[in-house]
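Visitor: structure, please.
(one chain, ligands or ions: 2)
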Amino acid sequence: MKAPVRVAVTGAAGQIAYSLIFRVAHGDMLGPDQPVILQLLEIPPAMGALNGVVMELKDCAYPLVAGIVASDDPNVAFKDVDYAFLVGARPRGPGMERSDLLEANAKIFSVQGKALNDHASKDVKVLIVGNPANTNALITLKNAPNLNPKNITSMMRLDHNRAMSQIAEKAGSHTTKVEKVVVWGNHSATQYPDISYATVDGKAVKSVVDNDWYVDTFIPTVQQRGAAIIKARGASSAASAACSAVDHMRDWALGSNGKWVSMGVFAAGNPYGIDENIMYSFPITCENGQWKIVEGLEISEFSRDMMAKTEAELVGEREAIASLL
Ligand SMILES: NC(=O)C1=CN([C@@H]2O[C@H](COP(=O)(O)OP(=O)(O)OC[C@H]3O[C@@H](n4cnc5c(N)ncnc54)[C@H](O)[C@@H]3O)[C@@H](O)[C@H]2O)C=CC1
Ligand SMILES: O=C([O-])CC(=O)C(=O)O
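Guide: Ligands and ions are numbered 1, 2, ... in the order given. All right, here's what the predicted structure looks like:
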């Protein structure tokens, strides 16, 4: 058995965490030989509920759980952590856009960015899930100047997985046969799920589906999937969000084996001409615990317009929270 690593989860008594923590404890993120110490953060009114989660975790008798810390103090919950899932934030309800949460949630991430900066391992891998995830990630990063900006990312994997699933279903195939999907930009209704390079069963997706389906059905379905789930379930996606969070962190830590994934990252050097001072999702591969943008892709005029639209939204969100940066 390896030495345990420390994994923080914020919003630990919430919906997403109720799935995420148990997946991590089971070894789905770092494998069946990697013990974990779970460091769970909540706000004071939710500490009773968090205590219930801790009781259930103990009742699972997980072989990989080497310790559990439950706290309402980010300085305690982030102490020496190697991985941090920042989930704790208000979710949206029907009729809201994720950016409507900016005011309610932004301050959480300036406080937690500082706490990560002061207490986490210097190599900590951070995934921001709480919405609006990309701009909350930017706030976290700007408040953690001692951490490598490459170690702070935002969750686009749910959009990526949604896109793969829509393609597999349309093509009568399986998600395991879908490759090279990209979701560019923001985790919002402006995101650009792009099939320009995607293949299914080894064939170009563009040769398998017609362009009208792509533009009029696929893109809006992926963009609006979160809202569709809120409408159907009366609450925002939780198990699928947790699943994507595990996928994101696992691939980042253990490698994506050449597979393309989508991650919101802070990318120096204006890749694809995108503003370098936002958290933008790109096609990514992961190896040896590092992510890397897939370079040199040809960008069509349609793609360029779509990429610019979601970039402009992120620039607008950055302006709205400029005082926290
Ligand atoms: N990036 C993505 O793809 C997705 C993001 N989300 C977002 O994830 C967030 C969490 O969603 P749910 O778990 O469904 O919400 P929830 O309301 O069930 O749980 C959130 C938890 O966070 C806690 N919390 C609030 N402020 C906190 C703070 N300062 N420190 C620690 N904990 C705090 C609350 O007490 C609550 O228990 C929401 O913002 C939601 O919109 C949801 C789905 C996908
Ligand atoms: O739509 C929401 O508010 C929750 C979320 O981010 C998603 O399901 O993608």
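Visitor: could you list the domains of this protein?
Guide: Taking the TED database as the domain assignment, the ranges for the chain are 5-154, 156-321.
Visitor: just put these in CSV and tack on mean neighbour count and mean pLDDT.
Guide: From N, CA and C alone the C-beta is placed, and that goes for glycine too. Shown next, in CSV, are the domains of the chain (neighbours: other C-beta atoms under 10 Å; pLDDT from 0 to 100):
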stretch, mean neighbour count, mean pLDDT
domain 5-154, 20, 96
domain 156-321, 18, 97
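Visitor: between those, which one is nearest to ligand 1?
Guide: Nearest of the domains of the chain to ligand 1, taken as C-beta to the nearest ligand atom: domain 5-154 at 2.0 Å.
Visitor: residues touching the closest residue to ligand 2 within the stretch 151-300 of the chain, list them.
Guide: Scanning the stretch 151-300 of the chain for proximity to ligand 2 using C-beta to the nearest ligand atom identifies residue 226 as nearest, at 2.1 Å. By C-beta atoms under 8 Å, 6 or more residues apart in numbering, the contact list for residue 226 reads 98, 158, 236-237.
Visitor: check those residues against ligand 1, which are close?
Guide: Restricting the contacts of residue 226 to those touching ligand 1 (C-beta under 6 Å from any ligand atom) yields 158, 236-237.
Visitor: quick check: residues of the stretch 151-300 of the chain near ligand 2?
Guide: So the stretch 151-300 of the chain meets ligand 2 at 158, 226-227, 229-230, 236-237 (C-beta under 6 Å from any ligand atom).
Visitor: hang on, isn't residue 295 packed against residue 271?
Guide: Yes - with contacts counted by C-beta atoms under 8 Å, residue 295 reaches residue 271, the gap being 7.2 Å.
Visitor: on that earlier part again, pick out whichever of the ones next to ligand 1 among the contacts of residue 226 sits closest to residue 255.
Guide: When the ones next to ligand 1 among the contacts of residue 226 are compared for distance to residue 255 (C-beta to C-beta), residue 158 wins out at 20.4 Å.
Visitor: from the chain's centroid, how far away is the strand or helix carrying the closest one?
Guide: Element membership of residue 158, judged by DSSP states H and E, is helix 157-171. The chain centroid and the centroid of helix 157-171 are separated by 16 Å, computed with C-alpha atoms, centre = their mean, to the nearest Å.
Visitor: listing partners with orientation, what would you give for the very next helix or strand once past that helix?
Guide: For helix 157-171, the following helix or strand on the C-terminal side (DSSP H and E) is strand 178-179. Partners of strand 178-179 in the sheet, by DSSP bridges, are strand 199-200 (antiparallel).
Visitor: quick one: the helices in this protein?
Guide: Per DSSP state H, the chain carries helices over the ranges 15-26, 47-60, 74-77, 102-119, 133-142, 157-171, 205-208, 211-212, 219-223, 225-233, 239-254, 301-320.
Visitor: the helix holding residue 158 versus helix 239-254: what angle between them?
Guide: 110 degrees (axes from the mean of the first three to the mean of the last three C-alpha atoms, to 10 degrees).
Visitor: got the CA coordinates for helix 157-171 in CSV?
Guide: The C-alpha coordinates for helix 157-171 follow below in CSV (Å, rounded to 0.1, in the frame of the first residue of the first chain):
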residue,chain,number,x,y,z
ARG,A,157,-15.7,17.3,-18.0
LEU,A,158,-19.5,17.1,-17.5
ASP,A,159,-20.0,19.0,-20.7
HIS,A,160,-17.4,16.8,-22.4
ASN,A,161,-19.0,13.6,-21.2
ARG,A,162,-22.5,14.9,-22.2
ALA,A,163,-21.2,15.6,-25.7
MET,A,164,-19.7,12.1,-26.0
SER,A,165,-22.9,10.5,-24.9
GLN,A,166,-25.0,12.5,-27.4
ILE,A,167,-22.7,11.5,-30.3
ALA,A,168,-22.7,7.8,-29.2
GLU,A,169,-26.4,7.7,-29.0
LYS,A,170,-26.9,9.4,-32.4
ALA,A,171,-24.4,7.2,-34.1
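Visitor: can you list contacts of that helix?
Guide: 173-175, 177-178, 181-183, 187, 191, 193, 195, 198, 200-201, 205, 208-209, 213, 218, 221-222, 225-226, 237, 240-241, 243-245, 247-248, 261-263, 281.
Visitor: and stretch 46-61, by the same measure?
Guide: Contacting residues not belonging to stretch 46-61 are listed as 12-14, 17-18, 21-22, 25, 38, 40, 42, 65, 68, 70, 72 [C-beta under 8 Å, 6+ apart].
Visitor: alpha carbons only: can I get it in PDB?
Guide: Taking Å, rounded to 0.1, in the frame of the first residue of the first chain, the C-alpha atoms of stretch 46-61 are listed here in PDB:
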ATOM      1  CA  ALA A  46     -24.400  22.200   7.700                       C
ATOM      2  CA  MET A  47     -22.000  20.600  10.200                       C
ATOM      3  CA  GLY A  48     -24.800  18.400  11.700                       C
ATOM      4  CA  ALA A  49     -25.500  17.100   8.200                       C
ATOM      5  CA  LEU A  50     -21.800  16.600   7.500                       C
ATOM      6  CA  ASN A  51     -21.600  14.600  10.700                       C
ATOM      7  CA  GLY A  52     -24.200  12.300   9.300                       C
ATOM      8  CA  VAL A  53     -22.100  11.900   6.100                       C
ATOM      9  CA  VAL A  54     -19.000  11.100   8.200                       C
ATOM     10  CA  MET A  55     -21.100   8.400  10.100                       C
ATOM     11  CA  GLU A  56     -22.100   6.900   6.800                       C
ATOM     12  CA  LEU A  57     -18.500   6.900   5.500                       C
ATOM     13  CA  LYS A  58     -17.400   5.100   8.600                       C
ATOM     14  CA  ASP A  59     -20.200   2.600   8.100                       C
ATOM     15  CA  CYS A  60     -18.900   1.800   4.700                       C
ATOM     16  CA  ALA A  61     -15.700   0.400   6.300                       C
END
